[in-house]
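*Asks:* The sequence and its predicted three-dimensional model are supplied below.
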Amino acid sequence: MKLVPASAHDADALAATLRACNRAANRASEVAFAKDLKRRNVLQDEVYYALKADYDLGAQPAVRTIKKVCDAYAALKGNIKAGNLGRPGSKRRLRAESRPIAFREDAAQPYDDRILTWNLDAQTVSIWTVAGRLKGIPFVCSPQALKLLASRKGESDLVMRDGMFFLIATVDVPEPEPFEPDGFLGVDLGIVNIATTSDGDIMAGRRLNRYRERHRHLRAKLQAKRTKSAKRAVKRIRRREARHAAQTNHIIANKLVTTAERTSRGIALEDLGGIRQRVTARKDQRTRLHSWAFAQLGAFVEYKARRAGVPVVHVDPRNTSRQCSECRHTHRTNRVTQARFACRSCAVVLHADHNSSRNIAHRGEAVWQRGAVNRPRTA
């Protein structure tokens, strides 16, 4: 939800609150790192009164700030354990382990119901700040989001982006049980074509790739000028590309889930975890590879499918582009070009991405039949 402060005083108070809380979080993080105090209770005993006195925080904001620091270290520990920061001794992992976690001055700050009160009828909030409690701050959102706020639970995060303030709230949405699918809709994810389904529906990525290329050249042109107006322009457009890509992924994900739900099928996706480390791209293709938002599209498909009760499975992507979806013959020469597949065994000719998506659909059904995913009970 976007907050609409009524005056410059209210906006300044919200910004000052984020600065104070994040400076306090940096202080607590330094103590946690130096004394190895990563649990909330022990860290709170060490820094609670200092944060209240030095940064003008109330009791509950100080507690939320300390909890934020502990959650950040818990997330770091989880990433290290999962290998997301590289192997032991790697530069990235050493850099993360050798210094305390730092928080930006405008980083998100969590609020609980003691320091943030919602009035859904009036669409206002009462929020604690370092300048006192601000009451009747309006917020705007869609009618659907306002309806979902009735089931809000837990903390909400205050976020500042480009001078605007937002509240990110957590809501509980009923999740239906996944149905027993009548087959699977295979989805091949790619760069040239963002998504291709086993039905032959191709969502081309040419428009998005051209948009990204245009923004890349624009950023390079502005950065080369080194003027204040150019820097302001770079700052103004910095998130525009990400928003455009996210909107495109939302549209594609909605289409995939709607198609699967209408035809009573599940959705089969490739398991592309770690693909950026496995794939070696040419220098002129690296930017396109690393700006490929396949993980975001996969996440959008998964949560939209869960809300609709559509089963989703992930399959091994190996050789999906080289295997014939008709006779299962696999050979690297089957993939003639980026867009053309011609089987050397049965002579079937298909669009290469369509062939891959059909293989993904077959593998998804096999995974489901083996019971490798949670399945609904049938009578």
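*Replies:* Everything's here; your move. Keep in mind it's a predicted model, so treat the numbers as computed, not measured.

*Asks:* For residue 360, which non-adjacent residue is spatially closest?
*Replies:* If you skip the residues right next to it in sequence, residue 360 has residue 186 as its closest partner in space, 3.6 Å away by Cβ to Cβ, 6 or more residues apart in numbering. Using the backbone N, CA and C atoms, a C-beta is placed for each residue, glycine as well.

*Asks:* again with residue 80
*Replies:* The spatial neighbour of residue 80 that comes closest, neighbours along the chain excluded (Cβ to Cβ, 6+ apart), is residue 93 at 6.6 Å.

*Asks:* thought the one you found was touching residue 84?
*Replies:* No. At 9.3 Å, residue 93 does not count as touching residue 84 under the criterion of Cβ atoms under 8 Å.

*Asks:* who's more crowded, the two?
*Replies:* The neighbour comparison of residue 93 against residue 84 (other Cβ atoms under 10 Å) goes to residue 93, with 17 against 13.

*Asks:* which SS state does the most centrally placed residue in the chain fall under?
*Replies:* For the chain, residue 296 is the residue whose C-alpha lies nearest the centre (Cα atoms, centre = their mean; 5.6 Å). Applying DSSP: H, G, I helix; E, B strand; the rest coil to residue 296 yields a three-state assignment of helix.

*Asks:* Going forward, the N-terminal residue is numbered 55.
*Replies:* Sounds good: first residue 55 from here, last item residue 350.

*Asks:* Tell me, what's the model's pLDDT at it?
*Replies:* We note a pLDDT of 84 for residue 350 in this prediction.

*Asks:* That one and residue 250, how far apart?
*Replies:* As judged by Cβ to Cβ, to the nearest Å, residue 350 and residue 250 stand 18 Å apart.

*Asks:* sorry, back to before: would you mind pointing out the helix or strand the residue nearest to residue 134 falls in?
*Replies:* helix 145-151 (DSSP states H and E).

*Asks:* how about that helix as PDB, C-alpha atoms only?
*Replies:* What follows is the C-alpha trace of helix 145-151 in PDB, where atoms were taken according to Å, rounded to 0.1, in the frame of the first residue of the first chain:
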ATOM      1  CA  LYS A 145      35.900 -14.500  -2.200                       C
ATOM      2  CA  ARG A 146      32.100 -13.900  -2.000                       C
ATOM      3  CA  ARG A 147      31.700 -16.100   1.100                       C
ATOM      4  CA  LEU A 148      34.800 -14.600   2.800                       C
ATOM      5  CA  ARG A 149      33.500 -11.100   2.200                       C
ATOM      6  CA  ALA A 150      30.100 -12.000   3.700                       C
ATOM      7  CA  GLU A 151      31.600 -13.700   6.700                       C
END
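
*Asks:* elements contacting that helix?
*Replies:* helix 113-136 (3 or more Cβ pairs under 8 Å, 6 or more residues apart in numbering; DSSP states H and E).

*Asks:* List the buried residues of the helix it packs on.
*Replies:* Under the neighbour-count criterion of 16 or more other Cβ atoms under 10 Å, helix 113-136 has 115-124, 126-127, 130 buried.

*Asks:* related to what we said a few turns ago, residues of the helix holding residue 147 that come out buried?
*Replies:* Judged by neighbour count (16+ other Cβ under 10 Å), helix 145-151 contains these buried residues: 147, 150.

*Asks:* any idea which helix or strand comes after that helix?
*Replies:* strand 163-165.

*Asks:* ok, that next one: who's next to it in the sheet?
*Replies:* Strand 163-165 sits in its sheet next to strand 206-215 (antiparallel), going by DSSP bridges.

*Asks:* and the partner strand, average pLDDT?
*Replies:* The average of the pLDDT scores along strand 206-215 is 91.

*Asks:* Quick check: next helix or strand after it?
*Replies:* Under the assignment DSSP H and E, the closest C-terminal helix or strand after strand 206-215 is strand 218-225.

*Asks:* Direction included, what does that following strand pair against?
*Replies:* Those paired with strand 218-225 in the sheet (DSSP bridges) are strand 56-57 (antiparallel), strand 206-215 (antiparallel).

*Asks:* Quick one: the strands in this structure, in order.
*Replies:* Using DSSP state E, the strands assigned to the chain run over residues 56-57, 163-165, 170-173, 178-183, 186-194, 206-215, 218-225, 238-243, 247-251, 256-258, 320-324, 366-369, 394-396, 403-405.

*Asks:* Tell me which residues are up against the shortest one.
*Replies:* Contact with strand 56-57 is made by 68, 179, 191-195, 218-221, as judged by Cβ atoms under 8 Å, 6 or more residues apart in numbering.

*Asks:* ok, now with 7 Å
*Replies:* For strand 56-57, the surrounding residues in contact (Cβ atoms under 7 Å, 6 or more residues apart in numbering) are 191, 193-194, 218-221.

*Asks:* Equivalent analysis for the third one, please.
*Replies:* With contact meaning Cβ under 7 Å, 6+ apart, strand 170-173 is reached by 179-181, 203, 210.
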